[in-house]
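Q: When you get a sec, could you give me coordinates for this:
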Amino acid sequence: MNAAVLSRFARSALLRAAALGLVLISAASAPVEFAKAGGTLEARKLPMRFDWVACEPNCGGWITAVGIVTADTPKDFDAFARDRSLQGAALVLDSSGGSVNDAITLGRRWRKMGLRTTVGTSVQSRTPAGMRASIVPEAYCESMCVFLLLSGTTRYVPDGARVRVHQIWMGDRADDARAASYTAQDLTIIQRDIGRLTKYTFDMGGTGDLLQLALSVAPWEDLHRMSAQELAEANLVTTGALADLLPQQGEGTRTPVAAGPKPVQDRFVQAPTAPTKTAEAALPTGGTAPSQPPAPGH
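A: Next comes the predicted model:
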């Protein structure tokens with residue numbers, strides 16, 4: 001499949017996802033970007049994928065979560081976690097955001113598991129002792145990813161990571177949020193999901209500063225990159241050391257059972273006839289909800 005066809009396919013897929021409801025505008029409205037290597041779509045703008053990275057012999061490893069949150073992401077994580085001992089594990093995020101309600105569901109699940117969160121990319125390096133895994137900070141956590149970061153019992157944001165926020169909005173009006181028309185029911189959906197997001201934020205230990213900052217960035221504006229001071233005021237950072245997230249081998253069992261390759265599922269189902277959900281807004285870079293009235297995405 002050549003780059004032009006792939007680009008058209010990706011755009012069509014993201015628009016179908018946005019039509020479902022609460023899908024981050026950041027994912028739906030951002031232009032399709034290609035990774036520098038291989039001409040493939042950036043993984044963090046594709047549906048979220050989970051992997052386990054071993055870092056023997058010094059630590060027990062960590063989970064990587066790369067991509068946007070969709071309606072299938074919570075069950076995909078359940079499938080990933082089923083045969084693994086992940087209680088208290090570290091989770092490394094690189095994501096453009098995603099569905100508001102599904103991200104909230106996922107974040108609550110991670111908090112119950114005591115996961116520790118950070119932003120970064122996993123890399124393999126050759127050393128005298130062989131290949132070793134490490135985490136580098138050059139990664140993004142945008143939109144609803146920021147609220148997934150908040151779910152960690154311990155949270156670390158390295159200096160090189162980009163943590164960016166903006167409003168939630170109607171997913172099917174992500175392309176031109178300012179010119180689109182809205183009904184009273186649309187506004188009700190947005191208000192409902194802001195309420196859900198507010199409760200989640202405080203339940204996770206976040207502050208009103210995070211909500212105020214995110215909800216002040218309009219859908220047609222660039223995402224706002226949070227400063228170190230804003231991260232602290234939002235209580236998104238609880239430690240200044242990555243080592244606090246990586247449990248040593250003696251801290252519990254970390255020997256996941258290797259699972260066979262999981263087929264990629266179609267994450268874009270038939271769009272409902274009812275009004276769509278909301279989604280986040282984002283221009284430069286960047287992601288449904290339970291079976292209730294459609295909702296907004298961040």
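Q: Report all helices and strands that the helix of greatest length in the chain contacts.
A: The single longest helix within the chain, with elements called by DSSP state H, is helix 184-203. Identification of packing neighbours for helix 184-203 by 3 or more CB pairs under 8 Å, 6 or more residues apart in numbering; DSSP states H and E yields helix 100-112, helix 144-149, strand 168-170, helix 208-214, strand 278-280. Placement of C-beta: from N, CA and C, glycine included.
Q: Most tightly packed of the ones you listed?
A: Most buried of the helices and strands packed on helix 184-203, by mean neighbour count (mean count of other CB atoms under 10 Å): strand 278-280, with a mean of 38.
Q: Now it: average pLDDT?
A: Strand 278-280 carries an average pLDDT of 45.
Q: ok, now stretch 204-218?
A: For stretch 204-218, the per-residue pLDDT averages 95.
Q: How many residues are close by Val53?
A: Neighbour count for Val53, taken as other CB atoms under 10 Å: 16.
Q: wait, isn't it in contact with Gly60?
A: No - using CB atoms under 8 Å, Val53 is not in contact with Gly60, being 10.4 Å away.
Q: re the thing from before, could you check the angle the longest helix of the chain makes with helix 100-112?
A: Inter-element angle recorded for helix 184-203 and helix 100-112: 10 degrees (by axes from the mean of the first three to the mean of the last three CA atoms, to 10 degrees).
Q: So which bits of helix 184-203 are buried?
A: Neighbour-count burial for helix 184-203, counted by 16 or more other CB atoms under 10 Å, picks out 186, 189-190, 192-194, 196-197, 200-201.
Q: got a markdown table for the helices and strands packed on helix 184-203, with distance to Thr73 too?
A: Below are the helices and strands packed on helix 184-203 laid out as a markdown table (distance: least, CB to CB, whole Å):
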| stretch | distance to Thr73 |
| --- | --- |
| helix 100-112 | 6 |
| helix 144-149 | 10 |
| strand 168-170 | 17 |
| helix 208-214 | 20 |
| strand 278-280 | 15 |
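Q: now do the same end-to-end measure for stretch 147-164.
A: End-to-end span of stretch 147-164 (CA to CA, to the nearest Å): 11 Å.
Q: for the nearest residue to Met226 once chain neighbours are set aside, helix, strand, or coil?
A: Spatial nearest neighbour of Met226, excluding adjacent residues (CB to CB, 6 or more residues apart in numbering): Val163 at 4.7 Å. The three-state assignment at Val163 reads strand, by DSSP: H, G, I helix; E, B strand; the rest coil.
Q: Quick one: neighbours of Val163, just the number.
A: Val163 is flanked by 25 other residues according to other CB under 10 Å.
Q: re earlier: could you identify the most distant pair in the buried residues of helix 184-203?
A: Maximum pairwise distance in the buried residues of helix 184-203, criterion CB to CB, is 22.6 Å, between Asp186 and Thr201.
Q: tell me the contacts of the residue nearest to Met226?
A: Each residue near Val163 by CB atoms under 8 Å, 6 or more residues apart in numbering is listed here: 119, 140-142, 146, 149, 157, 225-226, 231, 236.
Q: Please tell me the pLDDT value assigned to Ile168.
A: In this model, Ile168 is scored at 86, pLDDT.
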